[in-house]
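Engineer: Got a sequence here, can you build the structure:
(chains A and B)
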Amino acid sequence: NAGVTQTPKFQVLKTGQSMTLQCAQDMNHEYMSWYRQDPGMGLRLIHYSVGAGITDQGEVPNGYNVSRSTTEDFPLRLLSAAPSQTSVYFCASSRHVANTEAFFGQGTRLTVV
Amino acid sequence: QQQVKQSPQSLIVQKGGISIINCAYENTAFDYFPWYQQFPGKGPALLIAIRPDVSEKKEGRFTISFNKSAKQFSLHIMDSQPGDSATYFCAASPAQVGGKFQFGAGTQVVVTP
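Structural biologist: Numbering: from 1, shown residues only, chains lettered A, B, ... in the order given. Coordinates of the predicted model:
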């Protein structure tokens, strides 16, 4: 049982480059989300989705795009990378019910130079 | 501005000692309060969670205490072990919005032998 799978694990980008962080889950969860983790700031919600075709912004959405064409996949796109986007990115999935556990991927460490 | 404030930022405890981490929240719509444990290079994983209709929940060596009137909750790790060395995040989510969490900034716990 793979759970939540993120690729790549590490990435270095130059300022202005674009890339897509991949996230896939095999638990048939309705809810998927992207967080970024920065020292001293915990995990901050970037974007989330409550089902295929439905996405919404979280706390820090600027500079990121998402789409949800299937239940399983929720890619995060950086349109024009900036050094401020250097962070560790986590994808999470859960059932869309109250009091639910979120399952996290292993993370993608992104460095923008 | 973080809606969930966590302290301390780090703590060192001797093996067998008690680790205590505190969190406070502002939003009275929050009604689910999980704690996540994160080891280096891994994604967070659910440790224990509580709802505000109980004041305490215990699972093994881990206990959550909850004070609804003060809008505070805490994690106690009894008989701390070196394997408990990790970063701990408190979180909160509102009812009917399963999966959408506000996280605290995290506490790095180091248990010395």
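
Engineer: use CA for all of it now, contacts and neighbours both
Structural biologist: Will do.

Engineer: which parts of chain B sit against chain A?
Structural biologist: B:9, B:32, B:41-46, B:89, B:93-106 (Cα under 8 Å from any Cα of the partner chain).

Engineer: repeat that with 7 Å
Structural biologist: B:32, B:42-46, B:95-99, B:103-106 (Cα under 7 Å from any Cα of the partner chain).

Engineer: Now a PyMOL select for only the buried ones of the residues you listed.
Structural biologist: This is the PyMOL syntax for the buried subset of the residues of chain B next to chain A, where burial follows 16 or more other Cα atoms under 10 Å in any protein chain shown:
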select buried, chain B and resi 32+43+44+45+46+97+98+99+103+104+105+106
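
Engineer: Tell me the one of the residues of chain B next to chain A nearest A:Arg44?
Structural biologist: Using Cα to Cα, B:Phe103 is the member of the residues of chain B next to chain A that lies nearest A:Arg44, at 7.1 Å.

Engineer: which SSE is residue 40 in?
Structural biologist: Since no chain was named, I'll use chain A. Secondary structure assignment for A:Gly40, by DSSP states H and E: no helix or strand.

Engineer: Which residues are in contact with it?
Structural biologist: With Cα atoms under 7 Å, 6 or more residues apart in numbering or on different chains as the criterion, the residues that contact A:Gly40 are B:Ala105, B:Gly106.

Engineer: quick one: it from B:Gly104, how far?
Structural biologist: For A:Gly40, the distance to B:Gly104 (Cα to Cα, to the nearest Å) stands at 9 Å.

Engineer: Quick one: low-confidence residue ranges for the chain.
Structural biologist: Using chain A here. For chain A, the stretches with pLDDT under 70 are A:1.

Engineer: oops, chain B please
Structural biologist: For chain B, the ranges with pLDDT under 70 are B:1, B:96-98.

Engineer: which stretch of helix or strand covers the residue in chain B that chain A sits nearest to?
Structural biologist: Residue nearest to chain A within chain B: B:Ala105 (3.7 Å; Cα to the nearest Cα). Using DSSP H and E, B:Ala105 falls within no helix or strand.

Engineer: Check whether it really touches A:Arg44, as I assumed.
Structural biologist: No. B:Ala105 is beyond contact range of A:Arg44, at 9.4 Å (criterion: Cα atoms under 7 Å).

Engineer: Could you report the neighbour count for the residue in chain A that chain B sits nearest to?
Structural biologist: For chain A and chain B, the shortest gap (Cα to the nearest Cα) falls at A:Gly42, measuring 3.7 Å. For A:Gly42, the neighbour count with other Cα atoms under 10 Å in any protein chain shown is 24.
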